[in-house]
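> next one to model:
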Amino acid sequence: MMPLLAGVVAYVLGAIPFGYLLVRLKTGGDIRAQGSGNIGATNVMRASGVRAGVLVALLDMLKGALSVLLAERLSPSAAAPAVAGFAAIVGHIYPIWLRFRGGKGVATGLGVSLALAPWAAVAGGATWVVLYKIFKISSLGSLAGVAVSLAVAAFTADRSAVYGLAAVSAVILVRHTGNIRRLLRKQES
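Below you'll find the model as predicted:
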């Protein structure tokens, strides 16, 4: 019962649409009608500037990490933190408040990874930074960062954390299928 409760709380926390709220407060506009239509940090950065994008990234990371940390504290189940991390990602990507139209889960996933497997998060974040600096394509860095994070977690984290990060990675990859197609066709901006 506790992992299920942790998952519900984490979904609600993950579903807080910080990108949507910040752009609405700053400009009165709807971020879903701009750029890629996502509520995440990259689209907010393109639409409202670097400061707004960084703030959304930090808030999205915080809700991912907080979901895991709350589950660790409130539930005796070893599975609860991984369930909560997965639920936070699902909440971010499919927020009930925005008719299930959210972001791609990368910043929230980084927060989840920081709480479940810190070394994996550092490796994944560093991978994103390096690839973004080289290619200037956020999705390429994100996808590679997810893969590196999962690989590092396999060697540095406990089994439940690895399973949780594998589920998180799968959802993020599915959410990036359009980006993957564009990357393969060399059409990703």
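> just give the closest residue to I137, not the sequence neighbours.
Residue nearest to I137 in three dimensions, not counting chain neighbours: E188, with 5.5 Å by CB to CB, 6 or more residues apart in numbering. For every residue, glycine as well, the C-beta is placed using N, CA and C.
> residue ranges for the strands of this structure, please.
For the chain, strands defined by DSSP state E do not occur.
> for it, what spans make up the helices?
Secondary structure of the chain (DSSP state H): helices at 2-14, 18-27, 41-48, 50-74, 80-93, 106-116, 118-135, 138-156, 159-175, 177-184.
> so what secondary structure elements neighbour the first one?
Here helix 2-14 touches helix 50-74, helix 80-93, going by 3 or more CB pairs under 8 Å, 6 or more residues apart in numbering; DSSP states H and E.
> what packs against the shortest one?
Translated: helix 80-93. By 3+ CB pairs under 8 Å, 6+ apart, helix 80-93 packs against helix 2-14, helix 50-74, helix 106-116, helix 159-175.
> can you say which of these is nearest to G145?
With distances scored as CB to CB, the stretch of these nearest to G145 is helix 106-116 (7.5 Å).
> just give me how far the closest one sits from the chain centre.
Offset of helix 106-116 from its chain centre (CA atoms, centre = their mean, to the nearest Å): 6 Å.
> cool, stretch 166-179 as well?
Offset of stretch 166-179 from its chain centre (CA atoms, centre = their mean): 10 Å.
> please apply the same query to stretch 87-98.
Centroid separation between stretch 87-98 and its chain, computed with CA atoms, centre = their mean, is 10 Å.
> distance between the ends of that stretch?
Its first and final residues considered, stretch 87-98 spans 16 Å by CA to CA, to the nearest Å.
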